[in-house]
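Novice: Whatever this is, show me its structure:
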Amino acid sequence: LVSTGGTSKALAAAGLAVIDVADVTGFPEMMDGRVKTLHPAVHGGLLALRHVADHEAAMTQHGIEGIDLLWVNLYPFEATLASGADFETCVENIDIGGPAMIRAGAKNFDWCAVATDLGDVQKVLADMTAYGGTQELTRKQLAAKAYARTAAYDAAISGWYADQVGEASPDWRAFGGPKVQSLRYGENPHQIAAFYATTEKRPGVSTARQLQGKELSYNNLNDTDAAYELVGEFDAKEAAAIAIIKHANPCGVAIGSSLTDAYLRALACDPVSAFGGIVACNRKLDGAAAEEIVKIFTEVVIAPDADEDAQAIFAKKKNLRLLLAGGLPDPTQAGLTFRTLAGGFLVQNRDTGRIMAPDLKVVTKRAPSPQELTDMLFAFRVAKHVKSNAIVYAKDGVTAGIGAGQMNRRDSARIAAVRAVEAAETAGWSQAAT
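Specialist: Prediction:
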């Protein structure tokens, strides 16, 4: 059992016989711990092919012992970055020796099993219990995960460095992250899918606690993300806001004096499409709003938080998923979005654009009223989250009709108008709110 300084002391204190890596290499840790494992005595033990005579002879000649199991916890660069640490602190949390050992051991999977987290160790222990050692398949699986781990680690570092030097489109771009959960299937039942996290700590589906309900599907996650990003456009201190989403497009959005008020107004926009949809709230959910939401079938409800009354009401709907994200996404926060293409992917900065009142220039003979300007700004925020071609009719802080995803604006406008008329008929209004 060989270990570096701090871990070596912890193991010894636990009563385990451990050799400090300095005694193996013949060199002390130096340069504030930057150099300790980068030595042939370590990497030779990781990389040596023990069934090859020349490798075995070199090990004997230089006193190198083979390493059967490597467990490395990398310096917490991702956590350091997420904490908002300064440049120097982030640099000092870039691990060098750890990734080098992981890559070396994974390359030599015939002789070395590599663990990068506690789950890997449990897998190794299970093999040792069942077979007296690790199986080749296990070592190959661990090697594949090891390279993915170092790739994601380096991706976080390279992305951070690019940000530090102002490179919006670096020559090489990498993304990576840990698996949050395996999904039952993808967008369609025949597709395999999983949900992965990135280093970005943005309130939403990746930070949410699921209090109840069935396992989230690929489409649930995609739609819930769309809903929460939209509702995050509205400051909770100014007004309560609700967004109801279906197939990643809003079918009703409203602000109000309370979540109940906002929900009922959003629902009235398109109650047909809202059935089986996603409801996103910009405030802590209360019992009154929950009572209204559960009156129709809803797949997912996401909010920053929920009080005990709301949780108790939702608990009666066993299949409804309740997600508490712990905060709202900041619509002005910089970030990246990407999507795949055949043989590549597109990357762009997050759409943080927001049209504000000072940005508007009146060019019509009749100037819009203050309420019309307010509704226009509201509609702009909603339209940002509607698939093009996008038409949004809004009045008094609620969408009156939404037309999404059509090949021409005329059809989107027609659909939005039809939705507005149908909403008026359903609600018993004398005319559509357009």
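Novice: which other helices and strands contact the helix or strand hosting D23?
Specialist: Taking DSSP states H and E as the criterion, the element that holds D23 is helix 21-25. Taking 3 or more C-beta pairs under 8 Å, 6 or more residues apart in numbering; DSSP states H and E as the contact definition, the neighbouring helices and strands of helix 21-25 are strand 2-3, helix 5-13, helix 40-47. Backbone N, C-alpha and C define where each C-beta goes, glycine included.
Novice: Which among those is found nearest to G397?
Specialist: When the helices and strands packed on helix 21-25 are ranked by distance to G397, counting by C-beta to C-beta, first place goes to helix 5-13 at 57.1 Å.
Novice: helices or strands up against the closest one?
Specialist: In terms of contacts (3+ C-beta pairs under 8 Å, 6+ apart), helix 5-13 is packed against strand 19-20, helix 21-25.
Novice: a markdown table for those, including distance to L38 and mean pLDDT?
Specialist: Shown next, in a markdown table, are the helices and strands packed on helix 5-13 (distance: least, C-beta to C-beta, whole Å; pLDDT from 0 to 100):
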| stretch | distance to L38 | mean pLDDT |
| --- | --- | --- |
| strand 19-20 | 16 | 86 |
| helix 21-25 | 9 | 83 |
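Novice: Nearest approach to C281 belongs to which of these?
Specialist: Closest approach to C281 among the helices and strands packed on helix 5-13 (C-beta to C-beta): helix 21-25, 52.6 Å.
Novice: from the chain's centre, how far out does the closest one sit?
Specialist: When C-alpha coordinates are averaged (C-alpha atoms, centre = their mean, to the nearest Å), helix 21-25 and its chain have centres 40 Å apart.
Novice: May I see the buried residues of it?
Specialist: With burial defined by 16 or more other C-beta atoms under 10 Å, the residues of helix 21-25 counted as buried are 21-22, 24-25.
Novice: which one of those is nearest Y161?
Specialist: Relative to Y161, and with distances defined as C-beta to C-beta, the nearest of the buried residues of helix 21-25 is V21, at 28.6 Å.
Novice: hang on, that closest one packs against V2?
Specialist: Yes - with contact defined as C-beta atoms under 8 Å, V21 and V2 form a contacting pair (5.7 Å).
Novice: G133: what's it in contact with?
Specialist: Shown here is G133, whose contacts under the criterion C-beta atoms under 8 Å, 6 or more residues apart in numbering are D127.
Novice: Next one: it relative to V124, how far apart?
Specialist: For G133, the distance to V124 under the criterion C-beta to C-beta, to the nearest Å works out to 9 Å.
Novice: What of G177?
Specialist: Between G177 and V124 the distance, using C-beta to C-beta, works out to 23 Å.
Novice: do the same with G276
Specialist: With distances taken as C-beta to C-beta, G276 is found 44 Å from V124.
Novice: Name the residue in the two with the higher neighbour count.
Specialist: In terms of neighbours (other C-beta atoms under 10 Å), V124 is the more surrounded of G276 and V124; the figures are 22 against 10.
Novice: contacting residues around that one?
Specialist: Remark: with contacts taken as C-beta under 8 Å, 6+ apart, V124 is in contact with 69, 113, 115, 134, 138, 142.
Novice: Which of the residues you listed sits closest to D95?
Specialist: Nearest to D95 among the contacts of V124, counting by C-beta to C-beta, is A115 at 15.3 Å.
Novice: Run through the bridge partners of that closest one.
Specialist: Under the criterion DSSP bridges, A115 forms beta bridges with W71.
Novice: how close does it get to L324?
Specialist: 33 Å.
Novice: neighbour count winner among those two?
Specialist: Here A115 and L324 are set side by side on neighbour count (other C-beta under 10 Å), and the busier one is A115, at 22 against 19.
Novice: May I ask you to confirm that the more buried one is in contact with L142?
Specialist: Yes - counting by C-beta under 8 Å, A115 touches L142, with 6.6 Å between them.
Novice: rewinding a little: can you redo the helices and strands packed on helix 5-13 as JSON lines with distance to T224?
Specialist: Putting those into JSON lines (distance: least, C-beta to C-beta, whole Å) gives the following:
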{"stretch": "strand 19-20", "distance to T224": "49"}
{"stretch": "helix 21-25", "distance to T224": "47"}
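Novice: Out of those, the one nearest K246 is which?
Specialist: With respect to K246, and counting by C-beta to C-beta, the nearest of these is helix 21-25 at 57.3 Å.
Novice: CA atoms of that closest one as CSV?
Specialist: Listed next in CSV are the C-alpha coordinates belonging to helix 21-25 (Å, rounded to 0.1, in the frame of the first residue of the first chain):
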residue,chain,number,x,y,z
VAL,A,21,5.5,7.5,-2.1
ALA,A,22,8.7,9.4,-1.2
ASP,A,23,10.2,6.2,0.0
VAL,A,24,9.4,4.5,-3.3
THR,A,25,10.8,7.3,-5.5
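Novice: switch to numbering from 345
Specialist: In the new count, where the first residue is 345, that last one comes out as helix 365-369.
Novice: my guess is A512 contacts Q692, does it?
Specialist: No - with contact taken as C-beta under 8 Å, A512 and Q692 are classed as non-touching, separated by 9.2 Å.
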